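In: 3D, please:
(chains A and B)
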Amino acid sequence: MFTGLYIERKSFMHGLDPRSKLIWSVLVLAASIATQFNGIKGIPVFISTLMALSLSGLGTGVALLLIFNSLIFFLVSTIIWAGIYSSQGTVLLELGWLRVTDVGLLVALGKFFLIVNPIIAFVVFFASTKPYHLMWTLEKIKVPHKLALTFVIALSLLPSMVRVAGDVIDAQRARGLSLDKGSLVERIRKHIPIIVPLFSKMLTDVWDLSLVLATRAVGYGKRTYVLESNWKSSDTIFILVSLVFYGVITAWGMGLIQL
Amino acid sequence: MGYGSDTVVRLREVYAKYITSDKWIIENVSLEISKGETVVLMGPSGCGKSTLLNIISGLLPGVIPGHVKGEVFVDGVDPVKQGYKALTGKVGIVYQNPEIQIITRSVFEELAMAPENLGLSKDEVLARVEWALDALGLRGYEQKDPQTLSGGEKQLLAIASVLTMKPKILLLDEPTSMLDHLGTQMVLSAISRLKEEYGLTIIVAEHRVEWAVNVADKIYLMDEGKILLGGTPQEVFSQMDLVTKLGVRPPGVTEIAYQLIKKGVKLKIPVRLEDFKEHSW
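Out: Residues are numbered from 1 along each chain as shown, chains lettered A, B, ... in the order given. A predicted model of the protein is given here:
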C-alpha cells in the first residue's frame, strides 16, 4: 500500500503545498553543506528543523527518537574528525591516541548536522506529504512518471518491511529462535532465519503489487492528477522566510558574510 | 478474424505454462464467450482457472513470464502478439486477496487511480468515480481509509477500482475465497447486479455452485489444465456421471436429484430450486 512515511495530522506543515516543502528541504540541505566545517553555524539550521518537526504535529517523541538514535553517530563522527584535525587548533581532550581539538570538534559537529539536519527535514517532508501528492510533486519537477512511482513505492516498502520483519521475528521466536543469546557472531547468524523469509515475503508482495499496477493502466501514458495541490499565500511566505534564513546561513557558512 | 461479431473472447487450442513449469498448465483449451455473457470457471485448485484468466487479461505472458501458444483473441486484440497493454481499458481483473489490491490511502484515490493513469480529463475521472461508487454501493465511503473497510467492502472497492476503466470484460479470480459469509454475499450480489444492470461480460473463477447456476450463462468445468465439460448450467450438471467422476460438487438440489435418480425416480435434473416446480409429485 502507498502509505510511505506519511502520518495523518492536521498541522501547519501538512497544510503547505508539497512544492514549498520540497524547496525548504533542499534549502536545509544546502545550508547544512555550507556549514559542515563549523558546527556552530549548523546549530540554527538544526533548531529550524526541530521547529519544523514540531509544526508538523509529529510530536517531540519523534524528535527525541531521531536525536537519541543519532547520538551514536555524533560520537563516531567526533572520533573520526577529531583524528583528522588533531593537529589543528587547541587541544581540548587527550586520551591516549584520541586527541580532540576545538577545530576537530567544530568539524565533527558540522558533519553531524550535515547528516542529521537533512534527515529531519526530509522526514518532515515525507511525513507531511501524501504519497499521491509526492508523486504529483516529482512529476511537476519533470521526474518521469515511472521513476516517481518507483520512488513512492520504495518509500512505501520501508514501513511494510518493518512490519513484516516484526511478524517474522514473532513467528520465528514462536518456533524457538532466541535472538538475544549467544556471542555476537552467533546472534548475527541467528538473524538469517529472519532475513530470508523477510526478503521472500517482500519479493512476493512487490510481485503482487506489480500485477495490480499492470491492471490499473500504470505507464499507459501521461497521467492526470485530479487532486492537485494549490499554492497558497502561506506557501509564499514560508518560502520567502526560508530563502532569507537559509540564504543568510549558507552565505555565513561559506564565509561570504560575517555574523 | 473468423469469429462472430458478438464474440469478445475466443481461445482456440491454447496451451500455456509459466517459465518455471515443466509441463503445460493449460492444455488444448478452446472456448468462445459472447458479449454480455457471464461465464463461471469451476474446478479443483490448481486446475488452471487462474492461468486461464491471466491469459485472457494478457498478463501471461505480458507480465508473468511464460509461454502461450494457440489463438487468443480478446475484444479484437491478440494480447500474446500485441502485448498486454493493447488490452488496457478493455479488460479488468480482480484477484482473490483484497489486501494486495488496495494500494492508496482513500477510497476516492483508489477509484481514481486507473482513469488517472489512462490520462482521462479530470471531469471524466470524476464522473467515472461517481459511477463506480453507485454501481458498487460505496457511496459515502469516498474519504474512508480502505484499511478500515471490511473484507467484503475491500473486494467491492477492488472491483470498483477496475471498473472505473470501463472495461468490456471483467475477470474475477475467486473473488470470495478469502471473505467471510457476509463479505461473500456482498460481492456475489454486486457481480449479479453488474451483469443485470450493466451488461458486462464477466468471467469468474468461483467455487460457489449455487450462486453460479443462478448467474452463469455458461459453466466450464476444468481439471488439469483442460476444459472437460462446458455449457449452460443445465447442460453441465445434467451429466451426472461425468460431474460425479470429476469430483465437482453440484448444487444441493442437483445432488438430491442424483440420489433420487439412483433410486429409480425419473426426473429432469434440476440445477435450481425453482426447477423442481416443473415436476408434479
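In: hey, let's count contacts and neighbours off CA atoms from now on
Out: OK.
In: Count the neighbours of B:Leu273 for me.
Out: Per other CA atoms under 10 Å in any protein chain shown, the neighbour tally for B:Leu273 reads 12.
In: how near is A:Ala82 to chain B?
Out: As judged by CA to the nearest CA, to the nearest Å, A:Ala82 and chain B stand 47 Å apart.
In: list the contacts for that residue?
Out: A:98-101, A:104-105, A:108 (CA atoms under 8 Å, 6 or more residues apart in numbering or on different chains).
In: switch to 10 Å and redo it
Out: Neighbouring residues of A:Ala82 by CA atoms under 10 Å, 6 or more residues apart in numbering or on different chains: A:76, A:88, A:93, A:98-108.
In: Would you format these as a markdown table with pLDDT and secondary structure included?
Out: What follows is the contacts of A:Ala82, written out as a markdown table (pLDDT from 0 to 100; DSSP: H, G, I helix; E, B strand; the rest coil):
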| residue | pLDDT | secondary structure |
| --- | --- | --- |
| A:Val76 | 82 | helix |
| A:Gln88 | 85 | coil |
| A:Leu93 | 81 | strand |
| A:Leu98 | 78 | strand |
| A:Arg99 | 81 | strand |
| A:Val100 | 83 | strand |
| A:Thr101 | 87 | strand |
| A:Asp102 | 88 | helix |
| A:Val103 | 89 | helix |
| A:Gly104 | 87 | helix |
| A:Leu105 | 87 | helix |
| A:Leu106 | 89 | helix |
| A:Val107 | 90 | helix |
| A:Ala108 | 88 | helix |
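In: which of those residues lies closest to A:His14?
Out: A:Ala108 (33.0 Å; CA to CA).
In: tally of neighbours for the closest one?
Out: Using other CA under 10 Å, A:Ala108 is surrounded by 28 other residues.
In: Narrow the contacts of A:Ala82 to those that are buried.
Out: Among these, those buried by neighbour count (16 or more other CA atoms under 10 Å in any protein chain shown) are A:99-108.
In: Okay, A:Gly57 and A:Phe12: tell me how far apart.
Out: According to CA to CA, to the nearest Å, A:Gly57 and A:Phe12 sit 8 Å apart.
In: Next, show the common contact partners of the two.
Out: By CA under 10 Å, 6+ apart, the residues touching both A:Gly57 and A:Phe12 are A:Ser128.
In: Which of the buried ones among the contacts of A:Ala82 lies at the shortest distance from B:Arg139?
Out: A:Ala108 (57.4 Å).
In: Not counting its neighbours along the chain, what's nearest that closest one?
Out: A:Thr78 (4.8 Å; CA to CA, 6 or more residues apart in numbering or on different chains).
In: Please look at the one you found and A:Phe113 and confirm they touch.
Out: No. At 11.9 Å, A:Thr78 does not count as touching A:Phe113 under the criterion of CA atoms under 10 Å.
In: Between these two, which contacts overlap?
Out: A:Val107.
In: Could you pull up the residues touching residue 224?
Out: This is for chain A. A:136, B:112-122, B:125.
In: that's the wrong chain, I wanted chain B
Out: B:Glu224 neighbours (CA under 10 Å, 6+ apart): B:24-27, B:43-49.
In: now B:Val72
Out: B:9-14, B:30-31, B:55-56, B:58, B:78-81.
In: and it, which of the three is it?
Out: strand (DSSP: H, G, I helix; E, B strand; the rest coil).
In: Now do it against B:Leu228, distance only.
Out: Distance from B:Val72 to B:Leu228, by CA to CA: 19 Å.
In: So B:Gly66 is in contact with B:Leu60, correct?
Out: Yes. Contact criterion CA under 10 Å: B:Gly66 and B:Leu60 qualify, at 6.4 Å.
In: How many residues are close by A:Asn230?
Out: 11.
In: re earlier: for ChimeraX, what selects the buried ones among the contacts of A:Thr224?
Out: Buried residues within the contacts of A:Thr224, by 16+ other CA under 10 Å, are selected in ChimeraX with:
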select /A:136 /B:112,113,114,115,116,117,118,119,120,122,125
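In: Do a quick rundown of the strands in the stretch 151-281 of chain B.
Out: Secondary structure of the stretch 151-281 of chain B by DSSP state E, counting those that start in this stretch: the strands cover B:169-173, B:201-205, B:218-223, B:226-231.
In: Sorry, slip of the keys, the one I care about is the stretch 1-150 of chain A.
Out: Secondary structure of the stretch 1-150 of chain A, counting by DSSP E, counting those that start in this stretch: strands at A:91-95, A:98-101.
In: in the worst-scoring helix or strand of chain A on mean pLDDT, what's buried?
Out: Here the helix or strand of chain A ranked lowest by mean pLDDT, DSSP states H and E is helix A:59-84, holding a mean of 78. The neighbour-count check on helix A:59-84 (16+ other CA under 10 Å) flags A:63, A:67, A:70, A:73-74, A:77-83 as buried.
In: That one relative to strand A:91-95, how many degrees between them?
Out: 80 degrees (axes from the mean of the first three to the mean of the last three CA atoms, to 10 degrees).
In: As JSON lines, the contacts of A:Thr224 with pLDDT and secondary structure would be great.
Out: Compiled in JSON lines, these are given as follows (pLDDT from 0 to 100; three-state DSSP):
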{"residue": "A:Trp136", "pLDDT": "94", "secondary structure": "helix"}
{"residue": "B:Ala112", "pLDDT": "96", "secondary structure": "helix"}
{"residue": "B:Met113", "pLDDT": "94", "secondary structure": "helix"}
{"residue": "B:Ala114", "pLDDT": "95", "secondary structure": "helix"}
{"residue": "B:Pro115", "pLDDT": "96", "secondary structure": "helix"}
{"residue": "B:Glu116", "pLDDT": "95", "secondary structure": "helix"}
{"residue": "B:Asn117", "pLDDT": "94", "secondary structure": "helix"}
{"residue": "B:Leu118", "pLDDT": "94", "secondary structure": "coil"}
{"residue": "B:Gly119", "pLDDT": "94", "secondary structure": "coil"}
{"residue": "B:Leu120", "pLDDT": "95", "secondary structure": "coil"}
{"residue": "B:Ser121", "pLDDT": "95", "secondary structure": "coil"}
{"residue": "B:Lys122", "pLDDT": "95", "secondary structure": "helix"}
{"residue": "B:Val125", "pLDDT": "97", "secondary structure": "helix"}
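In: Pull up the residues of chain A that are close to chain B.
Out: A:1-3, A:6, A:130-132, A:145, A:153, A:156, A:205-227 (CA under 10 Å from any CA of the partner chain).
In: Pull out the buried members of those.
Out: The buried subset of the residues of chain A next to chain B (16+ other CA under 10 Å) comprises A:1-3, A:6, A:130-132, A:145, A:153, A:156, A:206, A:208-209, A:211-218, A:220, A:223-226.
In: Could you check how far A:Ala30 is from chain B?
Out: 32 Å.
In: sorry, that was for A:Ser54
Out: Going from A:Ser54 to chain B by CA to the nearest CA gives 24 Å.
In: count of neighbours near that residue?
Out: That count, for A:Ser54 with other CA under 10 Å as the rule, works out to 19.
In: Please say which of A:Gly57 and A:Phe12 ends up with more neighbours.
Out: A:Gly57 (20 against 14).
In: so who does the more buried one touch?
Out: A:7-14, A:124, A:127-128.
In: Which ChimeraX command selects the buried ones in these?
Out: Filtering these down to the buried ones (16+ other CA under 10 Å) takes a single ChimeraX command:
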select /A:7,13,14,124,127,128
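In: burial measure for B:Leu87, as a count.
Out: Neighbours around B:Leu87, by other CA under 10 Å: 23.
In: That one is in contact with B:Pro79, isn't it?
Out: Yes. In this structure B:Leu87 lies within contact range of B:Pro79 using CA under 10 Å: 6.8 Å.
In: Which neighbours do these two have in common?
Out: Counting by CA under 10 Å, 6+ apart, the residues touching both B:Leu87 and B:Pro79 are B:56-59.
In: Sketch out the low-pLDDT regions of chain A for me.
Out: Flagging of chain A using pLDDT under 70 yields the residue ranges A:1-3, A:60.
In: Nothing else from me, thank you.
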